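Visitor: build me a model:
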Amino acid sequence: MMTCRPIFLSPILNPPDLKDPVFNEPWEAQAFAMVVKLHERGHFTWSEWAETLGAEIKSWDAPYYEHWLAALEKIVEAKGLMSQVERLNRVEAWDRAAHATPHGQPIELSRS
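Guide: Here you go, the predicted structure:
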């Protein structure tokens, strides 16, 4: 089982030297970190990432990190790291786990 713990008031979300948080929600920081880690592991270049993110930003009007997440989904599918079916199954599993978890508790996502 994978446990996700809240990172509210963390140095990532609320650095002490900045007036405003870098990320508005924990998922934004997590999506950012996933992109960095996948790049570090050689799954795509920064140029590929910039092209994918830029295309998302141009294609529709949304908050920045929603573009970031959509670009992440597209690039992992394009690179064969996860299929669309796998991604949609994970989204459904996450939604079920989130709805079954009492407020304030870590969400536990089964690996099955």
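
Visitor: average model confidence for stretch 85-98?
Guide: The pLDDT scores in stretch 85-98 average 92.

Visitor: run the chain-centre distance for that stretch.
Guide: 13 Å (Cα atoms, centre = their mean, to the nearest Å).

Visitor: swap in stretch 26-34?
Guide: On the basis of Cα atoms, centre = their mean, stretch 26-34 sits 5 Å off its chain's mean C-alpha point.

Visitor: got it, and stretch 96-109?
Guide: On Cα atoms, centre = their mean, the centre of stretch 96-109 falls 17 Å from that of its chain.

Visitor: try stretch 51-67
Guide: 14 Å.

Visitor: in the protein, which spans are strands?
Guide: For the chain, the strands defined by DSSP state E occupy 2-4, 107-109.

Visitor: from the contact counts, what lies against the last one?
Guide: By that I understand strand 107-109. In terms of contacts (3 or more Cβ pairs under 8 Å, 6 or more residues apart in numbering; DSSP states H and E), strand 107-109 is packed against strand 2-4, helix 84-100. Placement of C-beta: from N, CA and C, glycine included.

Visitor: the strands of the chain: lowest mean pLDDT?
Guide: strand 2-4 (a mean of 45).

Visitor: quick one, what contacts the residue sitting nearest the centre point of the chain?
Guide: Centroid-nearest residue in the chain: Ala31, 2.5 Å away (criterion: Cα atoms, centre = their mean). Applying Cβ atoms under 8 Å, 6 or more residues apart in numbering, we find Ala31 in contact with Tyr65, Trp68, Leu69, Leu72.

Visitor: 6 Å instead?
Guide: Shown in contact with Ala31 (Cβ atoms under 6 Å, 6 or more residues apart in numbering): Trp68, Leu69, Leu72.

Visitor: tell me the pLDDT of the closest residue in space to it that isn't next to it in sequence.
Guide: Leaving aside its chain neighbours, Ala31 sits nearest to Leu69 (5.0 Å; criterion: Cβ to Cβ, 6 or more residues apart in numbering). pLDDT, Leu69: 94.
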